[in-house]
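>>> what follows is a predicted protein model with its sequence.
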Protein chains: 2
Amino acid sequence: MIRLLLADDEVLIRGAMAALLDLEEDLTVVAEAADGETAVALAEKVQPDLAVLDLEMPPGDGISAAARLAMPVVLVTRHARPGILRRALSVGVRGFVPKTTPADRLAEIIREVHGGRRYVDQDFASFALSERPCPLTDRETDVLRATRQGMSIKEMAPAVHLTPGTIRNYLSSAITKLAVADRHAAAQVAWEQGWI
Amino acid sequence: MIRLLLADDEVLIRGAMAALLDLEEDLTVVAEAADGETAVALAEKVQPDLAVLDLEMPPGDGISAAARLAMPVVLVTRHARPGILRRALSVGVRGFVPKTTPADRLAEIIREVHGGRRYVDQDFASFALSERPCPLTDRETDVLRATRQGMSIKEMAPAVHLTPGTIRNYLSSAITKLAVADRHAAAQVAWEQGWI
DNA sequence: CGAAGTCGATGACATTTGTCAGTACCGGCC
DNA sequence: GGCCGGTACTGACAAATGTCATCGACTTCG
């Protein structure tokens, strides 16, 4: 019997998943959480064999929660962003599947991961293969991140410890690299690619 | 027996919901769709008693699909945006619940709506009471919508049939009304409020 | 050591954007 | 009729933004 911890911020979905996984005779859901913090705390208490986490769980993301869990982790996500997969694997996530996976398939994947193997969804894998390596430098990602928070160049200057002129250079460089029209679009693209 | 049509773009979730609702002895899922178009087409063919739609289904939103369905509709959504509720009710949606609703509660709501009543989640209702009336004119919402697509002023000019100068005036007006710094922030706020 | 590359910065420049004032037309309302 | 709000435009101005050339300090590599 594989003992599972389930974390997702949407009760309807979490409950439905829990019910379906419980139907599998070798799986049992022993704990549920609505956010990463609770998941980590619960995991220490009940010591499940495996954790199934939603990637998008405000506050914070599922990856940082996954990094703090000792047991194998399967991440479930709504929309794939290429770079995310790399980040997830680097913190030790063992399974990575989209929410477009049927529940019985998810059960199989849980068994595989529990058996010591890794599983990455086919679409994500080919997505990752098509992944452009991030062309941005550290500073460029910094200013794009700040841009995405809605900051103006003046506002982000103290936050990133750069002069406004330098910030404009990095933004200009990023805009060119990503072949877009302005910094907002650049930040958008970089986010979609999982680079920031 | 209440015959249901279920539409959600995430198979994992749709499948889980279908399975859970099917467990209820007076409910049966007779059709599933992954987008609004398919939902409308399927509904005409199988004539379900009631439709359960996800609000966020690319391409297009659940509201426009709901408007084209003859049978009662229950909308399920991830995150509430105040103005959306008003729009949903105005196109005849009879139930409005968040994805944080337990499945058995959803089943009850489906029965109530099928029985002719309306149901709106408590949180959404109080959310809607706190709703600011939309201060934007039609043209202002137009240009904000275009802004949210990432268009520059020049680009949106032909799309909204206005001169760049006029567009700037509307944007400036919207920025002032919403008390934000630039058009991107204005578009963001307007979207969060469900105004665009 | 010298060449090449990166990082942070500066100044100049053109473009885009936000703001403001003013004009004009239309429809509804007292 | 007069008033008001929404629509549509123009011109002018200041600020923010995107682009480019260049510079110095530093590291890395041959």
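Okay, I see it.

>>> where does chain A have its least confident helix or strand?
helix A:122-129 (a mean of 78; mean pLDDT, DSSP states H and E).

>>> flag the shaky bits of chain A, pLDDT-wise.
A:130-132 (pLDDT under 70).

>>> still on that earlier bit, I'd like to know which elements the least confident helix or strand of chain A is packed against.
helix A:82-90, strand A:95-98 (3 or more C-beta pairs under 8 Å, 6 or more residues apart in numbering or on different chains; DSSP states H and E). Backbone N, C-alpha and C define where each C-beta goes, glycine included.

>>> and among these, the most buried is which?
Among the helices and strands packed on helix A:122-129, strand A:95-98 has the highest mean neighbour count (mean count of other C-beta atoms under 10 Å in any protein chain shown), at a mean of 23.

>>> and whichever helix or strand comes after that strand, what does it pack onto?
As assigned by DSSP states H and E, the chain's next helix or strand after strand A:95-98 is helix A:103-114. Judged by 3+ C-beta pairs under 8 Å, 6+ apart, helix A:103-114 is in contact with strand A:2-7, helix A:11-23, strand A:50-54, strand A:73-77, strand A:95-98, strand A:119-120, helix B:11-23.

>>> which residues are contacting helix A:103-114?
Contact partners of helix A:103-114, identified using C-beta atoms under 8 Å, 6 or more residues apart in numbering or on different chains, comprise A:2, A:4, A:17, A:20-21, A:24, A:26-27, A:49-50, A:52, A:72, A:74, A:76, A:94-95, A:97, A:101, A:119, B:12, B:15-16, B:19.

>>> just the buried residues of that helix, please?
A:Ala103, A:Leu106, A:Ala107, A:Ile109, A:Ile110, A:Arg111, A:Val113, A:His114 (16 or more other C-beta atoms under 10 Å in any protein chain shown).

>>> pick the one among the residues you listed closest to chain B.
A:Ala103 (5.3 Å; C-beta to the nearest C-beta).

>>> re the thing from before, chain center to the least confident helix or strand of chain A: distance?
Taking the mean of its C-alpha atoms, helix A:122-129 sits 15 Å from the chain's own mean (C-alpha atoms, centre = their mean, to the nearest Å).

>>> cool, stretch A:175-189 as well?
Its chain's average C-alpha position is 22 Å from that of stretch A:175-189, according to C-alpha atoms, centre = their mean.

>>> show residues contacting that stretch.
Contact with stretch A:175-189 is made by A:135-136, A:140, A:143-145, A:147-148, A:171, A:174, A:190, A:196, B:150, B:152, B:184, as judged by C-beta under 8 Å, 6+ apart.

>>> now, the residues you listed that are in helices?
Among the contacts of stretch A:175-189, the members falling in helices (DSSP state H) are A:Glu140, A:Val143, A:Leu144, A:Arg145, A:Thr147, A:Arg148, A:Leu171, A:Ala174, A:Ala190, B:His184.

>>> write out the residues of chain A neighbouring chain B.
Within chain A, the residues that sit near chain B (C-beta under 8 Å from any C-beta of the partner chain) are A:9-13, A:15-17, A:19-20, A:76, A:78, A:98-103, A:106, A:150, A:152, A:181-182, A:184-185, A:188.

>>> dump the residue contacts of A:Pro164.
Taking C-beta under 8 Å, 6+ apart, one finds A:Ile153, A:Lys154, A:Ala157 in contact with A:Pro164.

>>> can I assume A:Arg145 is in contact with A:Ile196?
Yes. Under the criterion of C-beta atoms under 8 Å, A:Arg145 makes contact with A:Ile196 at 4.8 Å.

>>> higher neighbour count, the two?
More crowded of A:Arg145 and A:Ile196, by other C-beta atoms under 10 Å in any protein chain shown: A:Ile196, with 21 against 18.
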